[in-house]
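**Q** task: produce atomic coordinates for the following.
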Amino acid sequence: MRLPSSFMNTWNMKQLSEKGNEIRSNARNWLMEARCVKFIPVWMTQGRAIEYSITELAGHASFILVAVSYATDDFLLLRTLAVAGSSSMLIFTYFHPHGRVLWLPFRWNLLFIIINSYRIGRVLWDKWEVRNLREEELKLHHDHFQLMDLVDFTKLLKIGEIETFDDCELVIDQGEDNRSIRLVLSGQLDVFRDGTYTYTLEEGNFMSEAGLHIGMRLTGSVESSGGVVSRGKCRCIKWDRTELMELLDIEKDLRRSFLSALSWDIIGKLKGQVRPFCICSFTKFFRNLIVLAAKRRLLMNGKVKFAEQWTEKRNNQSDHRYASLLKNILSRSEGLSPRSRYEIDNYRAVHHIDDAQHENALSLCGWSLEEFASGQKLIKTPQNVNSSNWGTSIFSWFSS
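**A** Numbering: from 1, shown residues only. Modelled structure (predicted):
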């Protein structure tokens, strides 16, 4: 005689339930069994036995592990101790000495274990990615991003792209919308304004950082103030400006170390080619003296033939650069925010942008000083035609 399948399924489920209850009962009995501490001398306890259970030890261990986690500075160790402490608390709340499961703390500790386990997995994955960095990438970190943690550096590499340029290859043209920030890894890039050489970018120099070194976080495209051409074989790493800004907003430590690398780049430019628009701590008088010295050096090595033309093109380039930054900021749909206004004022103070240059840059962007002060672009509408003018026009038409 063959039993119905529904009966067999019910019987199997009942067997499994009974087996589970048996295992749980055995575990509860073992964990809650009263044990005596045998290694303590009798004279210390005055003849009284000290009893304990595995469940009580798990409860004590939980609080001890949480206390130790508060005292550690290592992120991974802290998370590991937190998971161990919450796991011990799970045992204590499920096999509670009073014989009743404490579901409220059990569920909360289970959630803490899931969160901390995820964070531990992220840390281990990041460390695994660091161990798989190529020698070329480690050299890039050593040469240009020593202040940056290797985990943060790996995140920066993920959104970057290595570029290689041959001799005399155009990297970006003057007036072209540029969505990228570049770092020169090897070789040199010559920068031109209206066909006139202005300066050279060398290994370790950033290109098109667009005020990032003073806190400007521009997204999208920024119009190039000059043409850039490679001199010999050149390699760069390129980041999309919007993706980079989003990453820097999320990763605070990475942002600080990246800005530190930019600051070292500024110092290097001051010590080397001395670009007048990136001098931050000198007065205008000393800036002019340093630019004059740079001009004389370029004249001596033959890179600049006409000093007046070189000075004019450098000034035009600086003005165009400031106008490009304004264009990017003013094109935002929300208008001119207080933060953007602060960034502009800071940029003007650092790069010595006077009122005349500021007004000229605004006019190139189609803004007036009044609109900039209000923070909104005024929409001009055709003037309403006076009704009397309409009447005069109709009378003249009939009279003719």
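**Q** what's the burial count for Arg217?
**A** Arg217: 17 surrounding residues under other Cβ atoms under 10 Å. All C-beta spots, glycine's among them, are computed from the backbone N, C-alpha and C.
**Q** need the contact list for the nearest residue to it once chain neighbours are set aside.
**A** Take Arg217 and drop its neighbours on the chain: the residue closest to it by Cβ to Cβ, 6 or more residues apart in numbering is Met245, 4.9 Å away. By Cβ atoms under 8 Å, 6 or more residues apart in numbering, Met245 lies in contact with 217-219.
**Q** do you have the helices of the stretch 201-350 of the chain handy? List them.
**A** 241-250, 252-271, 284-300, 307-330, 338-351 (DSSP state H, counting those that start in this stretch).
**Q** and Met216, what are its phi and psi?
**A** When read as degrees, to the nearest 10, the backbone of Met216 gives phi -70, psi 130.
**Q** list the residues that contact the closest residue to it other than its chain neighbours.
**A** Closest residue to Met216 apart from its sequence neighbours, by Cβ to Cβ, 6+ apart: Glu343 at 4.9 Å. Listed by Cβ under 8 Å, 6+ apart, the contact partners of Glu343 are 211, 214-216, 329.
**Q** confidence score at Glu343?
**A** pLDDT, Glu343: 88.
**Q** circling back to that earlier point, format the contacts of Glu343 as TSV; extra columns: neighbour count and distance to His96.
**A** Below are the contacts of Glu343 laid out as TSV (neighbours: other Cβ atoms under 10 Å; distance: Cβ to Cβ, whole Å):
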residue	neighbour count	distance to His96
Gly211	21	61
Ile214	18	59
Gly215	12	55
Met216	19	58
Ile329	22	61
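**Q** go through these and say which is closest to Arg131.
**A** Gly215 (34.1 Å; Cβ to Cβ).
**Q** could you double-check that the closest one lies in contact with Asn346?
**A** Yes: under the criterion of Cβ atoms under 8 Å, Gly215 makes contact with Asn346 at 6.7 Å.
**Q** re the thing from before, tell me the one of the contacts of Met245 nearest Cys236?
**A** Using Cβ to Cβ, the contacts of Met245 come closest to Cys236 at Leu218, 19.4 Å.
**Q** which parts of this protein are strands?
**A** Under the criterion DSSP state E, the chain carries strands at the ranges 35-36, 51-52, 160-165, 170-172, 177-178, 180-193, 196-201, 206-207, 222-223, 227-240.
**Q** let's have these in CSV, adding mean pLDDT.
**A** CSV is the format used below for the strands of the chain (pLDDT from 0 to 100):
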stretch, mean pLDDT
strand 35-36, 66
strand 51-52, 68
strand 160-165, 93
strand 170-172, 93
strand 177-178, 92
strand 180-193, 91
strand 196-201, 88
strand 206-207, 89
strand 222-223, 91
strand 227-240, 93
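**Q** got the ones you listed as a markdown table, with distance to Ser368 and mean neighbour count columns?
**A** A markdown table is the format used below for these (distance: least, Cβ to Cβ, whole Å; neighbours: other Cβ atoms under 10 Å):
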| stretch | distance to Ser368 | mean neighbour count |
| --- | --- | --- |
| strand 35-36 | 86 | 11 |
| strand 51-52 | 82 | 12 |
| strand 160-165 | 40 | 16 |
| strand 170-172 | 31 | 18 |
| strand 177-178 | 24 | 17 |
| strand 180-193 | 27 | 20 |
| strand 196-201 | 30 | 21 |
| strand 206-207 | 32 | 21 |
| strand 222-223 | 20 | 20 |
| strand 227-240 | 31 | 19 |
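**Q** could the ones you listed go into CSV alongside distance to Arg122?
**A** Shown next, in CSV, are the strands of the chain (distance: least, Cβ to Cβ, whole Å):
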stretch, distance to Arg122
strand 35-36, 40
strand 51-52, 38
strand 160-165, 21
strand 170-172, 36
strand 177-178, 34
strand 180-193, 27
strand 196-201, 36
strand 206-207, 29
strand 222-223, 33
strand 227-240, 22
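**Q** so which of these comes closest to Leu65?
**A** With Cβ to Cβ as the criterion, Leu65 lies closest to strand 51-52 of the strands of the chain, at 17.7 Å.
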